[in-house]
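Below: sequence and its predicted model.
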Amino acid sequence: MPSHRTDEHVSPQIELSIGGMTCASCAARVERRLNKLDGVRATVNYATEKARVEFTGDISAAYLVAQVEAAGYTASPSEPRDAHDPVRALRERLLICLALSLPVIAMAMIPALRFTYWQWISLTLAAPVVGWGAWPFHRAAWTNLRHGAATMDTLVSMGTLAAFGWSLYALLWGTAGNIYLEVAAGVTTFILAGRYFEAKAKRRSGAALRALLELGARDVAVLRDGREERIPADRLVAGDRFVVRPGEKIATDGTIEEGTSAVDTSLLTGESVPVEVGPGDSVTGATINAGGRLVVRATRVGAETQLAQMARLVADAQNGKASVQRLADRIAAVFVPIVIGLAALTLAFWLGTGGGADAAFTAAVAVLIIACPCALGLATPTALMVGTGRGAQLGILIKGPEVLESTRRVDTIVLDKTGTVTTGRMTLLDVHTADGQDRAEVLRLAGALENASEHPIGRAIATAAGDVPVPDDFANIEGLGVQGMVEGHAVIVGRTRLLAEWSLSLPTDLEQAKSAAEAQGRTAVAVAWDGEVRGVLVVADAVKPTSAEAVRRFRGLGLTPVLVTGDNAAAAASVAAQVGISPEHVIAEVLPAGKVEVIARLQAEGRTVAMVGEGVNDAAALARADLGLAMGTGTDVAIEASDLTLVGGDLRAAADAIRLSRRTLAIIKGNLFWAFAYNVAALPLAAAGMLDPMLAGAAMAVSSVFVVTNSLRLRSFR
């Protein structure tokens, strides 16, 4: 046996691309094989077809690959797999099988299409479907057999081969009328279609990381010898000084050396209130400079940046998320051995009692054909197809069958505040005026000045003011506010510190309004002109009008709502009170990595957790949660990391999504029950020789029609 040690040290962690897995039990088998090795800890993700392997000592990558191959699968060090696209290969296999199967099914179902020797044409068309088209199922069945396991693939392989084998026997040596080639070809094609759509969904799982890493700046203006030089952002090194103009993304993590500004960190933190920064303050890559010109010295680049660390959080959360084994596989693991044993006993019984080889073979094949997984193959895909189609009409996108089981068990729903419960945009909430001042005039003059500002708070005031005059003069006082001339008035809008520079102070009533607003986590902006304070404008991230009703619906579904935010405790408490979330279920001032920890802590308490979010900072938590729901109005990263996507920004859709998913799962379970109910009744009849293969095929057709009809009930979901 060749040595698995090598003089060349390999990294203590490696990622392998695993091929040949057809279900969650395959992933579990590879994981068990790797974890049996000394000093090896492996996690296999069926959805991404990746294995993350940590090991100690001098174990080589080649040895790990050999262990996976010994388990019946393929493996290679992870790298871009553009050369071999499994989705494209499946699509080609499906289209060829569909073209060959349709004439076979048509001739079997429509007597008018049957011409002389039509059976032999059907045989010619069905043979490549059952041989080449179903080869992935045959190969997986053989791998499972070697490990003493039975899955959906075993049923597919056994059923199609039994139907094809009986048809071949009937054509060559028996009665040419009793053939089941349409069963063999049809089952293969339909289940290939299910695998194709599943593969498309799986391919999207890596898109979360790609979208996250694409958020960074493409290029950057580096200061070299007093001149600006534009270079690709990935060429930055720690210690470089670079310029960030208003509206530009900050290229990497660093420390400000020159300039002051407001930085929009919502892309990473999810919080809508911009952060005022100046010399000595730290800034994060991929955030946006909303104000003045900054000169930043790079402190962390590449894999060390906060953006890269968030990408690792998402990857770790996805890898650590246990795949849910499909219901059909669970049933097949018990059902298939019983069927095979019953078929063998039937054959032995008829031969032993002198019934003749023909009768014995007919009865045994009838047992296998009645167990053919036609209805079983339809049970999950058809319900999922109708359920997801109805969901799409309602603005709910369900990624796969695994999602459905999660919705049934969920008992806690974690809600991100910004952009999920709230609008995610700064909005003018209130205007407080001094005695004798006109509210509309205060807002009009303040809006005229702020209309020239790029600050998010200023934009909120300008938007609320509507049509405003153009200021004759304008100056932005960094970190304090704005001032200028509007229609002959010297107007000041900003913090009380700016008023103090003009020897102005707030009257008692306005001071009280300002304090009350800030106690709720809101931003208060003073307005003055011509040497007199005229009012206070209250700006904050407004709660969506439908959020309170959504929280009530969550409770109606038996869920406990929890509010999680990176914002301060006062702002979080205010929002929670408005939507009806209990104070003890509010968690504030949470960093992006902290959201993952919150989810993990709730799971450790025995809760099954759903998470609703929309920002980049929510992606890792969405992936870690038992059920991730992303607002479609949010970032691509959050959407890709989630299980369900809510196309609109209405939080009530989350409750609808959970109801629809639970309903779809109930239909799938009903389908599986009835798909096997006819087996329970018909298998004894087939074994007793009272049910020939023709009737067995009819029973399969009836059960399949029932399954499809039952699934169509989901179209009426409201």
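Yep, that arrived.

What's opposite Val275 in the beta bridge?
Bridge pairing for Val275 (DSSP bridges) gives the partners Val263.

what's around it, how many residues?
Val275 has 16 neighbours, counted by other C-beta atoms under 10 Å. In this view, the C-beta of every residue, glycine as well, is placed from N, C-alpha and C.

same deal with Val386?
Neighbours of Val386 under the rule other C-beta under 10 Å: 20.

got it, and the one 3 residues further on?
Neighbourhood size, Gly389 [other C-beta under 10 Å]: 12.

so what's the closest residue to it other than its chain neighbours up against?
Excluding its sequence neighbours, the residue lying closest to Gly389 (C-beta to C-beta, 6 or more residues apart in numbering) is Arg715, at 7.8 Å. By C-beta atoms under 8 Å, 6 or more residues apart in numbering, the residues touching Arg715 are Val386, Gly389, Arg390.

Would you mind measuring from Glu58 to Ala70?
One thing to correct before we go on: residue 58 is Asp, not Glu. Between Asp58 and Ala70 the computed distance is 20 Å (C-beta to C-beta, to the nearest Å).

Report the contact partners of Lys417.
Residues near Lys417 by C-beta under 8 Å, 6+ apart: Gly270, Asp541, Leu563, Val564, Thr565, Asp567, Ala571, Ala572, Val575.

The residue sitting nearest the centre point of the chain and Asp626: what is the separation?
Geometric centre of the chain, nearest residue: Ser642, 2.5 Å, by C-alpha atoms, centre = their mean. Counting by C-beta to C-beta, the gap from Ser642 to Asp626 is 12 Å.

quick one, what contacts the residue nearest to the centre of the chain?
Counting by C-beta under 8 Å, 6+ apart, Ser642 touches Lys399, Gly613, Leu622, Ala623, Gly628, Leu629, Ala630.

if you skip the residues just before and after it, what's nearest to Gly689?
Nearest residue to Gly689 in three dimensions, chain neighbours excluded: Ala363, at 4.6 Å (C-beta to C-beta, 6+ apart).

packing partners for the helix or strand where that neighbour lies?
Using DSSP states H and E, Ala363 maps to helix 357-370. Other elements packing on helix 357-370 under the criterion 3 or more C-beta pairs under 8 Å, 6 or more residues apart in numbering; DSSP states H and E are helix 152-172, helix 327-352, helix 652-687, helix 693-712.

Show me what counts as buried in the longest one.
Of the residues in helix 652-687, 652-665, 667-672, 675-676, 678-679, 682-683, 685-687 count as buried by neighbour count, 16 or more other C-beta atoms under 10 Å.

Need the pLDDT of the nearest residue to His455 once chain neighbours are set aside.
Residue nearest to His455 in three dimensions, not counting chain neighbours: Ala262, with 5.5 Å by C-beta to C-beta, 6+ apart. pLDDT recorded at Ala262 is 85.

Within the helices and strands, which one has Ala513?
Counting by DSSP H and E, Ala513 is part of helix 508-519.

Now the helix or strand just after that helix: buried residues?
As assigned by DSSP H and E, the chain's next helix or strand after helix 508-519 is strand 523-529. By neighbour count with 16+ other C-beta under 10 Å, strand 523-529 contains the buried residues Thr523, Ala524, Val525, Ala526, Val527, Ala528, Trp529.

per-residue pLDDT, the fifth one?
Looking at Val527, its pLDDT stands at 96.

Provide a list of residues in contact with it.
Val527 is in contact with Val442, Leu445, Ala446, Val491, Ile492, Val493, Val533, Arg534, Gly535, Val536, Leu537, counting by C-beta under 8 Å, 6+ apart.

Now, those that are in helices?
In helices, defined here by DSSP state H, the members of these are Val442, Leu445, Ala446.

Quick check, the first one in contact with Leu428.
Read that as Val442. No. Val442 lies out of contact with Leu428 (C-beta atoms under 8 Å); the separation is 11.4 Å.

Which one (most neighbours) among the contacts of Ser642?
Neighbour counts for those, by other C-beta under 10 Å, peak at Leu622, which reaches 35 neighbours.

Which helix or which strand is home to it?
Secondary structure from DSSP H and E places Leu622 in helix 619-624.

coming back round to it: when Asp58 and Ala70 are compared, which one has more neighbours?
Neighbour count, other C-beta under 10 Å: between Asp58 and Ala70, Asp58 has more, with 14 against 9.
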